[in-house]
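> Sequence first, then the predicted structure:
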Amino acid sequence: MASGMAGPARGPGVAGAAGPAGSGIAPGSSLAPASMPATEPLLRLRGISKHFGAVQALYKVDLDLPVGQVTALCGDNGAGKSCLTKTIAGIYQPDGGEIFWEGRQVHIRNPKDAASLGIETVYQDLALADNLDIVQNMFLGRERKRSRVFLDEDAMERDAARTLSSLHVTTVRSIRQPVATLSGGQRQAVAVAKAVMWNSRLVMLDEPTAALGVAQTRMVLDLVKRLKDHGLAVMVISHNLNDVFEVADRIAVLHLGRMVAQDATTAFDRQSVVDYMTTGGSSRGVAGQGRD
Ligand SMILES: Nc1ncnc2c1ncn2[C@@H]1O[C@H](COP(=O)(O)OP(=O)(O)OP(=O)(O)O)[C@@H](O)[C@H]1O
Ligand SMILES: [Mg+2]
């Protein structure tokens, strides 16, 4: 999504927000933990609403995404998960509500504003260019130059390899392999590594394991856990409760555009998540609080 951009330029529309540390892009530097009071989530949404014509896709949604934690965003088809993700990613503008980044109010008016904050979204299929190799994909639109004319292929290879290895992505045979020849899980891994390399602070993954087999799902789930270990905030959209309970520290459930439950994973069991997803409530009494 942010792949066509010429680096994380400071977004003029982001009120009071600094760009990611050192806009002079240092691949891998995003892996340092963010310094911020532990209580303040990296991203805080309050009362976010969005409608499309007569459809109220989001209704006064609150959401916290803390650093170093994986938050699973759950909900049935049409619950508003992708819409919420696109709102955070700057693709949709909310009709109402407030967004806070490290405690400061921001306005994310477009994907460039999101990228300038360090927000990257990984989509299953759209993220990569099939005909390009891994290095070319990871630097697409943000190529390193050796001079005005020549690309610095060695530096790009080194940084791509370093980022992949820091994430323990070891199954790729060659980083000069065209992305078309990768497995689904490897593609997903490259897309995540690309997001991590560009100073990202928050990575959102929309259904990262939906099309993957068992081994590939394992690889992507391990990768998601590694992202949070590197101090990033991670949001994962998933219909798969096995995945959710394996990787998520927190669970947030949308039902018909409303956030009906949001709490630590330990506050839920599988049935209660299913209850919230399908009915908007749960009688099991282990629930997280609805926020509105
Ligand atoms: N661009 C749009 N125009 C009109 N309606 C939209 C648009 N985007 C989303 N919606 C509506 O908003 C609601 C939420 O859609 P959204 O795509 O966010 O659901 P979702 O939770 O991601 O579902 P799924 O699990 O099927 O991907 C749906 O009723 C959908 O029809
Ligand atoms: Mg969706």
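Happy to help now that I have it. Numbers count the residues shown, from 1 in each chain. Ligands and ions are numbered 1, 2, ... in the order given.
> can you give me phi and psi for Thr181?
With angles defined as degrees, to the nearest 10, Thr181 sits at phi -90, psi 0.
> what do you get for Arg148?
The phi and psi values for Arg148, taken as degrees, to the nearest 10, are phi -60, psi -30.
> what's around it, how many residues?
Arg148: 5 surrounding residues under other Cβ atoms under 10 Å. (C-beta placed from N, C-alpha, C; glycine too.)
> ok, it to Ala252 distance?
48 Å (Cβ to Cβ, to the nearest Å).
> Check Asp152 too.
Asp152 is 42 Å from Ala252, where distance means Cβ to Cβ.
> Between the two, tell me which one has more neighbours.
The neighbour comparison of Asp152 against Ala252 (other Cβ under 10 Å) goes to Ala252, with 26 against 15.
> so where's the stretch 51-200 of the chain shaky on pLDDT?
124-127 (pLDDT under 70).
> Quick one: name the residues of it near ligand 1.
Proximity of the stretch 51-200 of the chain to ligand 1, by Cβ under 6 Å from any ligand atom, involves residues Phe52, Val55, Ala57, Gly75, Asn77, Gly78, Ala79, Gly80, Lys81, Ser82, Cys83.
> Can you read off the pLDDT for Ile25?
Model confidence at Ile25, given as pLDDT, is 33.
> Over to the residue nearest the centre of the chain: give its phi and psi.
The centre of the chain sits closest to Met204, judged by Cα atoms, centre = their mean, with a distance of 1.3 Å. Backbone geometry at Met204, expressed as degrees, to the nearest 10, gives phi -110, psi 130.
> residues in contact with it?
Thr85, Ile88, Ala89, Ile119, Glu120, Thr121, Val122, Val234, Met235, Val236, Ile237 (Cβ atoms under 8 Å, 6 or more residues apart in numbering).
> one more time with 10 Å
1, 43, 65, 71, 73, 84-86, 88-89, 114, 119-123, 195, 233-237 (Cβ atoms under 10 Å, 6 or more residues apart in numbering).
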